[in-house]
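Q: Please work out how this folds:
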Amino acid sequence: MTMNNDVAFTIKRIGFDEHYRPSSTTRITTNFANLARGERRRENLRNTLEMINNRFNALVHWDNPEGHRYCVELDIISVSMQVGGEGHGEPFQIIEILKPRFLDRQTDRHIDGIVGNNFSSYVRDYDFSVRLLEHNRHQSSFSIPDDFGVLHGNLFKQFVNSSVYQAHFEKPPVICLSVSDSKVYHRTDNRHPVLGVEYQPNESSLTEQYFKQMGLQVRYFMPANSAAPLAFYFSGDLLNDYTNLELAGTISTMESFQKIYRPEIYNANAAAGNVYQPNLKNPDYSLTQIVYDREERSQLAAEQGKFAEEHFIKPYQAMFEQWSSNGSF
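A: Have a look, this model is predicted:
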């Protein structure tokens, strides 16, 4: 646990394997939790892990002639926060992310991956599914609140700068998300040996602006044999701060999730060209053997946002406003 005058952070780890069951505090719409539900939960989890392993070995093909040198192991990192410090009320889970590590069967040793990957946040649900909708309910045109994402961004930055983060993780996080279907992406000449070819969007997105409040910038890369670019959110130098194995772990984990959840984009039968606009209505794609309820997943975001409002935003609203006004984060 780490703490300052106002907050205390706690980290818990749980293995993401075929026996995984979501905790009572986990957002149901989180990628890994959504898979671990229903009659086919173990089959879903087993197939997902196999997809991740196969993709990782395909990316890390050097000194790996048979394509099964490595096994990817994943931990779910749950971050809870107590407002007012330790002992002041119930902790509230503010973030869940993933931490991969790789078993090298040839040397029988483990290699750490990058923490981040998936990004789950009740406060983000509140911002996008409650606050943004309320702000625009009586507006003649769409707009964004002036301080949209400020609280969430400050909480994230305080966690990453905390002693508990430094004690558990050696490098800053990298979050990997899907591209936006409202933007057009242009292929560049820049190519990385693992990340692949770089794309640039025609304009900034609301997600980019939101993650900027968290101290993260974004670059878009399409790895070899991928169907579409992925969005990599990071601080520092994405291409030089991380090893090829670390980057391959993030790609294999998150591209596998995207193939399941957005097959129209990431499991499309035709790869992105020089100019690319993602299309969630694309009919030319393949389905994985993994079952999930996408309609339920979208409906639950509002419920989760209201949960955050009731149990976190409203109880500490005065303190949050004071933090924002005097910059005491």
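
Q: drop to CA atoms for contacts and neighbour counts, all remaining ones
A: OK.

Q: now Leu103, what's its secondary structure?
A: Three-state call for Leu103 (DSSP: H, G, I helix; E, B strand; the rest coil): strand.

Q: For the remainder of this discussion, apply numbering that starts at 101.
A: Okay, using 101 as the starting number, the last item reads as Leu203.

Q: which non-adjacent residue is nearest Leu232?
A: Ile244 (6.8 Å; C-alpha to C-alpha, 6 or more residues apart in numbering).

Q: that's a helix at Phe420, yeah?
A: Yes. Counting by three-state DSSP, one finds Phe420 located in a helix.

Q: Tell me the bridge partners for Tyr299.
A: For Tyr299, the beta-bridge partners are Arg287, Tyr320 (DSSP bridges).

Q: Report how many residues lie close to it.
A: 25 (other C-alpha atoms under 10 Å).

Q: Surely it and Tyr285 touch.
A: Yes. Contact status for Tyr299 versus Tyr285: in contact at 5.8 Å, counting by C-alpha atoms under 8 Å.

Q: Could I get the contacting residues of Gly315?
A: Going by C-alpha atoms under 8 Å, 6 or more residues apart in numbering, Gly315 touches 253, 257, 335.

Q: How many neighbouring residues does Gly213 have?
A: 26.

Q: Hmm, Leu198 and it touching each other?
A: No. The pair Gly213 and Leu198 fails to qualify as a contact (C-alpha under 8 Å) at a distance of 9.6 Å.

Q: Leaving out chain neighbours, which residue sits closest to Val183?
A: Here the nearest residue to Val183 in space, its sequence neighbours aside, is Val107; by C-alpha to C-alpha, 6+ apart that works out to 4.7 Å.

Q: Tell me the pLDDT of that neighbour.
A: Here the pLDDT value assigned to Val107 is 79.

Q: can you give me the strands in the stretch 101-250 of the chain?
A: Ranges of strands in the stretch 101-250 of the chain, per DSSP state E, counting those that start in this stretch, are 102-103, 107-116, 170-183, 192-204, 209-212, 216-220.

Q: Next, format those as JSON lines and append mean neighbour count and distance to Lys414.
A: Output for the strands of the stretch 101-250 of the chain, formatted as JSON lines (neighbours: other C-alpha atoms under 10 Å; distance: least, C-alpha to C-alpha, whole Å):
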{"stretch": "strand 102-103", "mean neighbour count": "18", "distance to Lys414": "22"}
{"stretch": "strand 107-116", "mean neighbour count": "18", "distance to Lys414": "16"}
{"stretch": "strand 170-183", "mean neighbour count": "21", "distance to Lys414": "12"}
{"stretch": "strand 192-204", "mean neighbour count": "21", "distance to Lys414": "13"}
{"stretch": "strand 209-212", "mean neighbour count": "14", "distance to Lys414": "38"}
{"stretch": "strand 216-220", "mean neighbour count": "21", "distance to Lys414": "20"}
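
Q: Surely Tyr278 touches Ala331?
A: Careful, residue 278 is Ser and not Tyr. Yes. Here Ser278 reaches Ala331: they are 5.8 Å apart, a contact under C-alpha under 8 Å.

Q: returning to that earlier point: want to try JSON lines for the strands of the stretch 101-250 of the chain, with distance to Ile365 as columns?
A: Rendered in JSON lines, the data for the strands of the stretch 101-250 of the chain read as follows (distance: least, C-alpha to C-alpha, whole Å):
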{"stretch": "strand 102-103", "distance to Ile365": "40"}
{"stretch": "strand 107-116", "distance to Ile365": "25"}
{"stretch": "strand 170-183", "distance to Ile365": "24"}
{"stretch": "strand 192-204", "distance to Ile365": "23"}
{"stretch": "strand 209-212", "distance to Ile365": "29"}
{"stretch": "strand 216-220", "distance to Ile365": "18"}
